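1. got a structure for you, letters missing:
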């Protein structure tokens, strides 16, 4: 999952001192390629595998991220949010 986005510790629970490492990666908009479907995979299998292998939480956020229209962060572009307790896991989740 290479792309634009910031990284580094930010507020949130868990981990030493209560900080988490986060990276936001914008999902490209291309009518020819369903990037969202590729990220999630059949029944969420690709997303789950990436989470297990990296140790990071991989979340889909932004406009269009929910089937029912109750999007998280609806005023932001569609993006992947990688959240981890340490920088190494965050990097593995984002690569």
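-> All right, it came through fine. None of these values were measured; they are calculated from a predicted model.

2. Helix or strand next in line after the longest helix along the chain, which one?
-> As assigned by DSSP state H, the longest helix anywhere in the chain is helix 45-54. Under the assignment DSSP states H and E, the closest C-terminal helix or strand after helix 45-54 is strand 57-61.

3. could you give the mean pLDDT of that next one?
-> Here strand 57-61 scores 95 as its mean pLDDT.

4. which strands and helices sit next to it?
-> helix 35-40, helix 45-54, strand 79-84 (3 or more Cβ pairs under 8 Å, 6 or more residues apart in numbering; DSSP states H and E). The way it works is simple: take the backbone N, C-alpha and C, and place the C-beta from them, glycine included.

5. now, of the ones you listed, which is deepest in the fold?
-> Sort the helices and strands packed on strand 57-61 by mean neighbour count, taking mean count of other Cβ atoms under 10 Å, and strand 79-84 sits at the top with a mean of 23.

6. what does that strand contact?
-> Residues from elsewhere that reach strand 79-84, judged by Cβ atoms under 8 Å, 6 or more residues apart in numbering: 1, 3, 5, 12, 20-27, 39, 54-62, 73, 90, 93-94.

7. what about 7 Å?
-> Identification of contacts with strand 79-84 by Cβ atoms under 7 Å, 6 or more residues apart in numbering yields 1, 20-27, 39, 55-62, 90, 93-94.

8. The closest residue in space to residue 55 that isn't next to it in sequence: helix or strand, and which one exactly?
-> Using Cβ to Cβ, 6 or more residues apart in numbering and skipping the chain neighbours, the partner closest in space to residue 55 is residue 89 (3.9 Å). Here residue 89 sits within helix 87-94, counting by DSSP H and E.
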